[in-house]
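Engineer: pasting the sequence and the predicted coordinates here, then a few questions.
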Amino acid sequence: MSDQNPVFIPGPTNIPDRLRRAMMVQTQDHRAPDFVETFAPVLEKSKRVFGTTQGTVITFPASGTGGWEAAISNTLSPGDKVLIARYGMFSHRWIDLCQRHGLDVEVIETPWGQGAPAARFEERLTADKEHAIKAVLVTHNETATGVKSDIAAVRAAMDAANHPALLLVDAVSSLASMPFEMDQWGVDICVSGSQKGFMLATGMAILAVSPKALAAMESAKLHRTFFDFRDMMKANATGGFPYTPPLQLIYGLRESLAMLEEEGLENVYARHTHLAEGVRQAVRAWGLRLVAESPDLYSDTVSAIYVPEGFDSNALTDHAFHRYGVSFGIGLGEMNGKAFRIGHLGSLTEPMVLSGLATIEMAMADLGYPIRLGSGLAAAQEHFRSAHSIPSQSAA
Ligand SMILES: *Cc1c(COP(=O)(O)O)cnc(C)c1O
């Protein structure tokens, strides 16, 4: 089995050689002056990816889950009401985390395959005359279903209800792959991580925090020590860290930001759309169905695909792994056994996507799926050939 085979899971994503080299550095003293020179510009440069000039970027040595915890524990108090919709495994996990922290979580159950229900949020917020709801939580890209939510629409709903709640957004599987406009959308905290769009190893939660969220922090009473924004910001102000920083990831992030900038963020987003569309054309040609219910919900970073009736998606992903040495995403939660996922984010090119489509096609054919070998591949090939060429095919 070759470690040259790309992974087609929606994170952690393939790490380009350039970033693997950037992370391969010897131990350095994080209290030495050169650490300041390395770290401070990285925080500053990250802002562009979040689409913020007013926000503060804060990182922790953690996975994305730690970012969720940091977001709520710094802005909310025990018993505070928060509003969130459940439409996949990741929104579900954030709900669970909030409940375990003693928040009063009002959940809007939403069919898996749909996104954040802005209209229902608006109804609920309009009815909340006392402003008991302190925060609205949204998973921008539900990685379990391949559904993208419209954050601008959620902001518009909050504004229409004239509601002062914070807007906290999980963009772990969308940031640096799909457009994110923190300032424009009035997002108060955006949570991300190193191992998806940033194409790095796992281990760094990366957040951007609005001035309004920082103001809320002053009265927030949930317990926090390791994830306290105040300690982090105080140390960051002089270019330092309140404890030992994940140095290798900081070097990695510096290089990742340079790569994103060289390709151009707009081109990065266009590449993701282009590759995602190739995958969707393949799904159509196979005669299979996406979990995402309509084109406005299609994620450009991951596609969740129902297997035909009578087939087990776990058997398919297992077979692809054991026979061909390639990982695809399994169906999570309600989707377990019913759908598999193709991750198409991060460091990815047309030929890489084609190799994934060819592989899953072989796996499906091996297991007797009613698909014609080569059909999805040809559809993606046609899309890639006919769509106008995208820049930086070799750089990513
Ligand atoms: C990957 C992911 C997370 C974070 O998961 P970790 O395993 O803790 O990094 C959170 N939300 C979404 C939408 C994700 O895709």
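Structural biologist: Right, received. Where do you want to start?
Engineer: what's stretch 277-292 in contact with?
Structural biologist: Residues from elsewhere that reach stretch 277-292 (C-beta atoms under 8 Å, 6 or more residues apart in numbering): 112-113, 145-148, 298-299, 303-308, 335, 339, 342, 344, 350, 353-354, 357, 361, 364, 369-371, 375-380, 382-384, 387. Yep, even glycine has a C-beta here, placed from its N, CA and C like the rest.
Engineer: restrict the helix or strand containing L168 to CA atoms and write it as CSV.
Structural biologist: In the assignment (DSSP states H and E), L168 maps to strand 166-170. Extracted C-alpha coordinates of strand 166-170, given in CSV (Å, rounded to 0.1, in the frame of the first residue of the first chain):
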residue,chain,number,x,y,z
LEU,A,166,-23.8,36.4,19.1
LEU,A,167,-23.3,34.5,15.8
LEU,A,168,-20.8,31.6,16.3
VAL,A,169,-19.8,29.6,13.2
ASP,A,170,-18.0,26.4,12.7
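Engineer: that strand close to the ligand?
Structural biologist: Yes - Strand 166-170 lies within reach of the ligand by C-beta under 6 Å from any ligand atom, at D170.
Engineer: quick check: end-to-end length of stretch 68-84?
Structural biologist: Terminal residues of stretch 68-84 lie 13 Å apart, using C-alpha to C-alpha, to the nearest Å.
Engineer: now check it, is it near the ligand?
Structural biologist: No - shown here: stretch 68-84 not in contact with the ligand (C-beta under 6 Å from any ligand atom), separated by at least 6.8 Å.
Engineer: in that stretch, what's buried?
Structural biologist: For stretch 68-84, the neighbour count (16 or more other C-beta atoms under 10 Å) marks 68-76, 80-84 as buried.
Engineer: among those residues, which lie within strands?
Structural biologist: Mapping the buried residues of stretch 68-84 onto strands (DSSP state E) picks out K81, V82, L83, I84.
Engineer: give the buried subset of the contacts of stretch 277-292 as a ChimeraX selection command.
Structural biologist: A single ChimeraX command selects the buried members of the contacts of stretch 277-292 (16+ other C-beta under 10 Å):
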select :112,113,145,146,147,148,298,299,303,304,305,306,307,335,339,342,344,350,353,354,357,361,364,369,371,375,376,377,379,380,383,384
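Engineer: next, count neighbours for whatever residue of the stretch 1-150 of the chain ends up closest to the ligand.
Structural biologist: Closest approach between the stretch 1-150 of the chain and the ligand, counting by C-beta to the nearest ligand atom: G64, at 2.5 Å. Using other C-beta atoms under 10 Å, G64 has 27 neighbouring residues.
Engineer: quick one: strands adjacent to the strand holding L168?
Structural biologist: Applying DSSP bridges, strand 166-170 is found paired with strand 133-139 (parallel), strand 189-193 (parallel).
Engineer: how about the one residue sitting closest to the centre of the chain, what does it touch?
Structural biologist: By C-alpha atoms, centre = their mean, the chain has its centre lying nearest to S173, at 1.3 Å. Contacts here follow C-beta under 8 Å, 6+ apart; on that basis S173 touches P10, G11, F90, N141, T143, K196, G197, S299, T301, V302, L345.
Engineer: report how many residues lie close to Q26.
Structural biologist: Per other C-beta under 10 Å, the neighbour tally for Q26 reads 6.
Engineer: what comes up buried for the helix or strand hosting V42?
Structural biologist: For V42, the host element (DSSP H and E) is helix 33-50. Within helix 33-50, the residues that count as buried by 16+ other C-beta under 10 Å are F35, T38, F39, V42, L43, K45, S46, K47, V49, F50.
Engineer: now the strand holding L168: buried residues?
Structural biologist: Result for strand 166-170 [16+ other C-beta under 10 Å]: buried residues L166, L167, L168, V169, D170.
Engineer: show me what contacts the first one?
Structural biologist: Pointing back at L166 there. The contact partners of L166, taken as C-beta under 8 Å, 6+ apart, are T75, K134, A135, V136, D188, I189, K212, A213, A216.
Engineer: distance check, the second one against K148.
Structural biologist: The reference is to K134. Taking C-beta to C-beta, to the nearest Å as the measure, K134 falls 26 Å from K148.
Engineer: which ones are touching the nearest residue to I151 once chain neighbours are set aside?
Structural biologist: Nearest non-adjacent residue to I151, counting by C-beta to C-beta, 6 or more residues apart in numbering: W185, 4.7 Å away. Applying C-beta under 8 Å, 6+ apart to W185 gives the contacts G51, I151, A152, V154, R155, L167.
Engineer: so which of those residues would you say is closest to the ligand?
Structural biologist: Checking these one by one against the ligand (C-beta to the nearest ligand atom), the nearest turns out to be I151, at 13.2 Å.
Engineer: quick one: distance of stretch 47-63 to the chain centre.
Structural biologist: Mean-position distance between stretch 47-63 and its chain equals 14 Å (C-alpha atoms, centre = their mean, to the nearest Å).
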